[in-house]
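> Pasting the sequence and the predicted model now:
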Amino acid sequence: MTEYILVAGAVIRNDQGEVLCALRSETMSMPRLWEFPGGKLEPNESAEQCLVREILEELGYVIQVGDLIADVIHEYPSIRVRLVTYESKLASGMPVAQEHEQLLWLPVNRMRELEWAPADWPTVEALIKAQSQEQ
Ligand SMILES: Nc1nc2c([nH]c(=O)n2[C@H]2C[C@H](O)[C@@H](COP(=O)(O)OP(=O)(O)OP(=O)(O)O)O2)c(=O)[nH]1
């Protein structure tokens, strides 16, 4: 039996195709690592419902959730996280950081420059691969 914490992350794009990257603050676990906004699923909640709720809490904004990008299990020293990431769009307007230290819109081809939470790398690589296949 492998137990894990199920976490959903939103890959939020703007009209230029840039992705919203969020820096975990000093007071959060895994401080100062970049992540996709989101969080742990509550009981009886779908990943989509979790993302809409978390993004509203963290960024004050409603998103529209699209396709699954990656579904990975990462073994941290003290926890095992299953991270599912989804394409998402903002309905309109701009997100405002309420819990994160910093928000950054980055083109996909620059995402490797950030220090991501280890569970996030398969999503970053999938985004880069998908973009290179489009060109
Ligand atoms: N939201 C989010 N969490 C991530 C990502 N990558 C990753 O490893 N995580 C980890 C960090 C946390 O251990 C967990 C998500 O918990 P959370 O975002 O609800 O964090 P939290 O601050 O409420 O929880 P915690 O401090 O009690 O761990 O998943 C990611 O891209 N987005």
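Here it is on my side, so go on. Numbering: from 1, shown residues only.
> Low-confidence ranges, this protein, go.
Applying pLDDT under 70 to the chain picks out residues 1-2, 92-93.
> Write out the residues of it neighbouring the ligand.
Residues of the chain lying close to the ligand (C-beta under 6 Å from any ligand atom) are 7, 9, 28-30, 35-36, 38-40, 81, 83, 117, 119-120. C-beta: built from backbone N, CA, C; applies to glycine.
> Tell me how far the nearest residue to Gln102 once chain neighbours are set aside lies from Gln49.
Once flanking residues are discounted, Gln102 sits nearest to Leu23: 4.2 Å by C-beta to C-beta, 6 or more residues apart in numbering. As defined by C-beta to C-beta, to the nearest Å, Leu23 lies at a distance of 25 Å from Gln49.
> Neighbour count: those two, which is higher?
The residue with more neighbours, out of Leu23 and Gln49, is Leu23; 18 against 14, by other C-beta atoms under 10 Å.
> partner residues bridging that one?
Trp34, Gln102 (DSSP bridges).
> show me the contacts for it.
When contacts are counted by C-beta atoms under 8 Å, 6 or more residues apart in numbering, Leu23 touches 32-35, 100-104.
> just Val72 next, same as before
So Val72 contacts 82-83, 119, 122-123 (C-beta under 8 Å, 6+ apart).
> Kindly indicate which of those lies nearest Leu90.
When these are ranked by distance to Leu90 (C-beta to C-beta), Thr123 comes first, at 18.4 Å.
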